[in-house]
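> need a 3D model of the sequence below.
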Amino acid sequence: MLNDVWLKFAQFLGALNGENVKRESYVRTPEYEAALEAWKKTEQEWEAFLESLPADGQERAEEMKERLEDFSSAQEKRAYIQGYADCIQVLFHMGLLKENEGLKWAGKMDA
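The predicted model follows:
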């Protein structure tokens with residue numbers, strides 16, 4: 001039951017995370033903006049580098065880049081969902097949320 005709740009929670013927040021990135025409340029940190037700008041400056045260099053490789057090397061480099069992007073996306077999604085989970089825990093410990101029957105908080109889980 002506990003894992004089912006957190007799985008549904010993660011699915012919901014994952015969908016929310018991927019929604020309208022142009023909304024006013026969407027957070028874009030200075031670190032994100034700097035990394036995006038750095039990538040934009042490097043993207044042409046990356047393409048030139050790929051072209052300098054043999055065909056099998058190009059494919060391998062692209063596969064590696066895609067895996068890194070997938071990993072980065074998974075880390076971002078995990079951090080996003082963890083932030084929500086932490087927020088809920090804070091609200092609970094402040095007494096603003098109550099524990100429901102059948103739902104145990106991570107700090108109260110049986111080992």
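> give me the longest helix you can find in this protein.
The single longest helix within the chain, with elements called by DSSP state H, is helix 55-93.
> who's sitting farthest from the centroid in this protein?
Here the chain reaches farthest from its C-alpha mean at Pro54, the gap being 33.5 Å by CA atoms, centre = their mean.
> what's the longest helix of the chain packed up against?
Here helix 55-93 touches helix 2-17, helix 30-52, going by 3 or more CB pairs under 8 Å, 6 or more residues apart in numbering; DSSP states H and E. Any C-beta I mention is one placed from the backbone N, CA and C, and that applies to glycine too.
> any idea which of those helices gets closest to His93?
Nearest of the helices and strands packed on helix 55-93 to His93, taken as CB to CB: helix 2-17 at 17.8 Å.
> now the closest one: mean pLDDT?
Throughout helix 2-17, pLDDT has a mean value of 70.
> equivalent analysis for stretch 81-89, please.
Averaging pLDDT along stretch 81-89 yields 84.
> how far off centre is that stretch?
Distance, stretch centre to chain centre, for stretch 81-89: 13 Å (CA atoms, centre = their mean, to the nearest Å).
> pull out the buried positions in it.
For stretch 81-89, a neighbour-count test (16 or more other CB atoms under 10 Å) marks Ile81, Ala85 as buried.
> picking up where we left off before, quick check: angle from the longest helix of the chain to helix 30-52?
160 degrees (axes from the mean of the first three to the mean of the last three CA atoms, to 10 degrees).
> turn the helices and strands packed on helix 55-93 into CSV, columns for mean neighbour count.
Shown next, in CSV, are the helices and strands packed on helix 55-93 (neighbours: other CB atoms under 10 Å):
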stretch, mean neighbour count
helix 2-17, 12
helix 30-52, 10
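> quick one: secondary structure of Asn101?
Let me fix one detail, which is that residue 101 is Glu and not Asn. For Glu101, the assignment made with DSSP: H, G, I helix; E, B strand; the rest coil gives coil.
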